[in-house]
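Engineer: Sequence first, predicted coordinates after that:
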Amino acid sequence: MKIKFTTAFFVLASWVLSVNAQIALAPSFVFIGENSGVGDLFVSNTGDQAYEVTISFAFGYPGGDADGNLVMNYSDPAAFAEFALDSMIRAFPRTFVLPAGEQRTVRIQVLPNQRRKQGFFFTRMKVLAKPQATEVIQEVPEGIGARITFNFEQVTAVFYHKGKASTGIKVKEIVSSQSDTVLHLKSHLQRLGNAPFLGSMTARLTDSNGNTVAQTQSTTTAYFDVIRRFDMNIAGVKPGNYNLEVEFETRRNDMAANDLIQAPNTLHKSEITIK
């Protein structure tokens with residue numbers, strides 16, 4: 001008697017997956033125009049078989065824990081009531097078959113009766129792709145067959161705002177610690193305004209002459225007050241006292257400047273001792 005097992009593999013990502021995933025999304029984030037109420041997502045099948053694609057929405061945002069690690073939060077009723085985009089939008093089409101080597105445009109549209117609503121809104125869009133030719137049979141000893149299907153799920157953010165929107169960052173404090181050749185920085189951030197802060201962080205370590213001896217840069221977000229952790233490689237930095245400058249700005253390589261709610265740069269300076 002032959003027994004078959006079915007295993008599904010789900011790959012989650014907020015960016016375009018590697019070619020092994022077969023399904024690619026562009027752009028990495030969807031911004032719905034305030035005037036048009038429409039945003040587009042391009043779904044491409046780079047593989048050699050057709051995929052069944054399903055679009056769904058789930059409100060969530062990147063938060064953080066007490067150690068500054070990024071943690072996705074999909075359970076925040078208060079934030080959902082104020083900022084959720086889920087009930088305001090629809091995807092057309094929501095389900096479709098994408099043949100090998102083809103591309104499909106998915107239109108994300110704010111419903112007409114929701115267009116008058118003022119504020120900044122967001123959600124997460126999930127794109128689940130299942131191969132139409134589903135199974136690969138592998139024979140193993142004892143007459144057991146393994147039937148394997150690969151399902152790929154990618155997640156991206158969707159944003160929409162109407163009316164006045166503002167954002168910004170206030171640095172409450174930066175707590176530092178050192179382990180060997182790594183400087184750990186935990187930035188306690190207060191988000192200003194009524195919209196998430198989407199931008200980048202640059203940390204510089206300078207000596208008494210103003211020379212930069214170490215530097216790190218990363219994209220960052222602050223949907224609400226949050227702790228963000230950054231690590232700086234300080235290999236080769238001599239023990240001593242230094243100046244630490246941490247700057248936050250609304251600029252990212254993966255987002256167009258006109259899509260971002262702009263804010264003044266925030267620069268936090270402090271003194272630090274490298275051991």
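Structural biologist: Alright, I've got the coordinates.
Engineer: Span of stretch 194-210 from start to end?
Structural biologist: 36 Å (Cα to Cα, to the nearest Å).
Engineer: which stretches of the stretch 151-275 of the chain have low pLDDT?
Structural biologist: Judged by pLDDT under 70, the stretch 151-275 of the chain has no weakly predicted residues.
Engineer: Need the phi and psi values for residue 188.
Structural biologist: Here is the backbone geometry of residue 188 (degrees, to the nearest 10): phi -90, psi 110.
Engineer: Isn't it up against residue 176?
Structural biologist: No: contact criterion Cβ atoms under 8 Å: residue 188 and residue 176 do not qualify, at 12.0 Å. Where C-beta positions appear, they are placed from N, C-alpha and C, glycine not excepted.
Engineer: What residues are bridge-paired with residue 32?
Structural biologist: residue 160 (DSSP bridges).
Engineer: I meant to write residue 178 there.
Structural biologist: Assigned bridge partners for residue 178, using DSSP bridges, are residue 183.
Engineer: how deep is it tucked in, by neighbour count?
Structural biologist: Residue 178 sits with 14 neighbouring residues when counted by other Cβ atoms under 10 Å.
Engineer: Please report how far it lies from residue 274.
Structural biologist: 7 Å (Cβ to Cβ, to the nearest Å).
Engineer: Please apply the same query to residue 43.
Structural biologist: 48 Å.
Engineer: out of those two, which sits in the more crowded spot?
Structural biologist: Between residue 43 and residue 274, counting by other Cβ under 10 Å, residue 43 is the more crowded of the two (21 against 17).
Engineer: Let me see the confidence value for the more buried one.
Structural biologist: pLDDT for residue 43: 96.
Engineer: any idea what sits nearest it, other than its immediate chain neighbours?
Structural biologist: Nearest residue to residue 43 in three dimensions, chain neighbours excluded: residue 104, at 5.0 Å (Cβ to Cβ, 6 or more residues apart in numbering).
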